[in-house]
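Got a sequence here, can you model it:
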Amino acid sequence: MRLIYCLLASCVVAMPAYARTYELLSPDKNITANIDIDASTLDISAACNGSMVIFPSPISLTLGDGKVIGPTKSPKVVSRTSVDTMIPSPFYRASEIRDNYNQITLNVAKGWNVVFRVYNDGIAYRFVTSDKKTTVITNETARFRFPGEATVITPYNNSSGNNPDTQWRTSFENTYTTVALSDMNRNRLSFLPLIVTVPSGTRVLMSESALESYPGMFLLADSEEPYTLNARFAPVPKRREQGGHNNLQMLTMEREDYIARVDGPRAFPWRMAVIADNDAALASSNMTYLLGEPSRLDDISWIKPGKVAWDWWNDWNIIGVPFKSGINNDTYKAYIDFASRNGIEYVILDEGWAVNRKADLMQVVPEINLPELVAYADGKGVGLILWAGYYAFDRDMEAVCKHYADMGIKGFKVDFMDHDDQLITDFNYRAAETAARHHLILDLHGTSKPAGLNRTWPNVLNFEGVYGLEQMKWATDTDMPVNDASIPFLRQVAGPLDYTQGAMRNATKKDYQPVYDDPMSQGTRAHQLALYMVFDSPLTMLCDTPSNYESEQESTDFITAIPTVWDETRVIDGKIGEYIITARRKGNEWWIGGITDWTPRDVTVDFSFIPGIGNARIDAMTDGPNAHRNGRDVTHLRTTSAAFDSPVQKIHMAPGGGFAVRVTPQ
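Residues are numbered from 1 along each chain as shown. Sure, this is the predicted structure:
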């Protein structure tokens, strides 16, 4: 194996004598990107603190006429730029974030540039065309080569079949597999983000941003060249038929021989690698948001993030009411009353309010009177959000948005796209723009990662593309605490996520079982509370039934007080798949949440970074002394910081446990 590694290293580093090399340093000079270009190849490589983390990796675009964009004997430097500024980031993990990078733009062909950018935490590149004509992209080449045997943490595609060329339909939901790079499944696509840990120990997270009207990138282990991941892209659908879940999807029956047809001038998606020498730095990265296109909305005052009382996970399972609960007005009025009593901004009507299998959002079931519900909710200070299947929403998008916005509906949760080919990524942007014109917020469920869309269209508040708590209704062999402790370092680097936390039935590892109509979580109550701080979710579900929340009012009060957007976020400590501790600030108040896998942990948290910590109110929810045997056991502590000898505190987390602390300086 060592001989193969040495031969590979000498092969990929050697360049023709006439090749040109351009060096680009990060602002702090810790990361170096080298761009090597000649008539046959355009390669990008990266080093961190002098150690190679990405070997020279060829990148290019192949056009419909056979022309390859990238390699050239006569590159020209268009510009070198350095940027250091603060940008507003509404409905995000911070109210503003620093945009600090060095950039070089190379002209590689008439009408074609490649832009390379280096941040203090990673590198990125994109192709840009000034050509005004329509261009067909047959393929995009990106062969990412890594220095020797590496460890990969990947979400394999959950499509059926063993042929990577047929794995384009996926819900982008899977747990993470840790495997040696050389042992990756070469018949299974991986979706992004994924992490490669190179031999030096540096983490390299591969992802993308500004994914507009272009297919998303998958990665596949090379079948011949060791330590290499190849980019793969879904071809454009040629023929589609209505079908899938309740006839609400469009199933691709035949595909074109190209991946995109684009109208210029335009920029293509950023290919990005977050580079970090510790896990907490990965979870802290804002590169995806920074690389997203700036907001296209001048007025965002109408966009209201918040929490949502959700019906589907708990199966409309309320008790102690004088009516049969289900999809009817009486049930939704009960959800609205619950939301109003607890300061919850929204109630969602999930699947079932529209006539089943018709894919027509204008056909409402007779048990639901939407104008009556809207008026009732308005009187209670609660907004209503409607679930919509992809095809039902897309087939008459303008009319649907206008009709329900005029009625007083506040937004849509659109579901079951289950692809990220060019047609679907184009749909995501069209849906965002159409909804924005009608002042509607969106939650894109059944879709891939945000990839910068939430910066460009901030009315899209949340995205699924994650293995979330809904899986607990049926999953039998999932290790959810490990999954929870992995998400902040992987999927969340791509943007906010619709995980749907908040379970009140909390089970130990041995006691968990899937129950569809009365589900439970794996891990403790404190773990569930902490997820509201650990996960980025501007539009956050309360997944459980109002009956369970009102019998656990202490936990409910804690949840409903937690903000959903923040002025500042700090990842204090963590290790992928094991634990994480995150602190977030809203105004002068701090919220600190921690979770662990099934390993019990005693962690030390230094609260001295909080201004005014010497005189502060403390409201803490921690694992109770018997949480190891009953996940619902939680200890609620209300005190002041004066009660502690030191701002450095030890906190115990039970197996699958966590903690949630609110600090209010006086």
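
Tell me where the model's unsure across the stretch 551-666 of the chain.
Scanning the stretch 551-666 of the chain for pLDDT under 70 picks out no residues.

Let's see the helix ranked longest in the chain as PDB, backbone CA atoms only.
Identified as the longest helix of the chain according to DSSP state H is helix 422-437. The C-alpha trace of helix 422-437 is given here as PDB (Å, rounded to 0.1, in the frame of the first residue of the first chain):
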ATOM      1  CA  GLN A 422     -31.500  20.700 -13.100                       C
ATOM      2  CA  LEU A 423     -35.300  20.700 -13.300                       C
ATOM      3  CA  ILE A 424     -35.600  20.300  -9.500                       C
ATOM      4  CA  THR A 425     -33.000  22.900  -8.500                       C
ATOM      5  CA  ASP A 426     -34.700  25.200 -11.000                       C
ATOM      6  CA  PHE A 427     -38.000  24.500  -9.300                       C
ATOM      7  CA  ASN A 428     -36.600  25.400  -5.900                       C
ATOM      8  CA  TYR A 429     -35.600  28.800  -7.100                       C
ATOM      9  CA  ARG A 430     -38.900  29.400  -9.000                       C
ATOM     10  CA  ALA A 431     -40.800  28.300  -5.900                       C
ATOM     11  CA  ALA A 432     -38.800  30.700  -3.700                       C
ATOM     12  CA  GLU A 433     -39.400  33.600  -6.100                       C
ATOM     13  CA  THR A 434     -43.100  33.000  -6.600                       C
ATOM     14  CA  ALA A 435     -43.700  32.500  -2.900                       C
ATOM     15  CA  ALA A 436     -41.800  35.700  -2.100                       C
ATOM     16  CA  ARG A 437     -44.000  37.800  -4.500                       C
END
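
Flag every buried residue along that helix.
Buried residues in helix 422-437, defined by neighbour count with 16 or more other C-beta atoms under 10 Å: 422-425, 427-429, 431-432, 434-436. For every residue, glycine as well, the C-beta is placed using N, CA and C.

so what does it touch, helix or strand wise?
For helix 422-437, the packing partners by 3 or more C-beta pairs under 8 Å, 6 or more residues apart in numbering; DSSP states H and E come out as helix 390-394, helix 397-407, strand 411-415, strand 441-444, helix 453-456, strand 460-463.

pLDDT on that helix, on average?
If you average the pLDDT over helix 422-437, you get 98.

I'd like to check the angle between it and strand 411-415, please.
170 degrees (axes from the mean of the first three to the mean of the last three C-alpha atoms, to 10 degrees).

Give the residue spans of the stretch 1-150 of the chain that score low on pLDDT.
In the stretch 1-150 of the chain (pLDDT under 70), the answer is 1-18.

now the helices: where do they sit in it?
2-13 (DSSP state H, counting those that start in this stretch).

Equivalent analysis for the stretch 451-600 of the chain, please.
Under DSSP H, counting those that start in this stretch, the stretch 451-600 of the chain gives helices at 453-456, 480-484, 525-534, 546-550, 553-561.

Deepest-packed of the ones you listed, please.
helix 525-534 (a mean of 29; mean count of other C-beta atoms under 10 Å).
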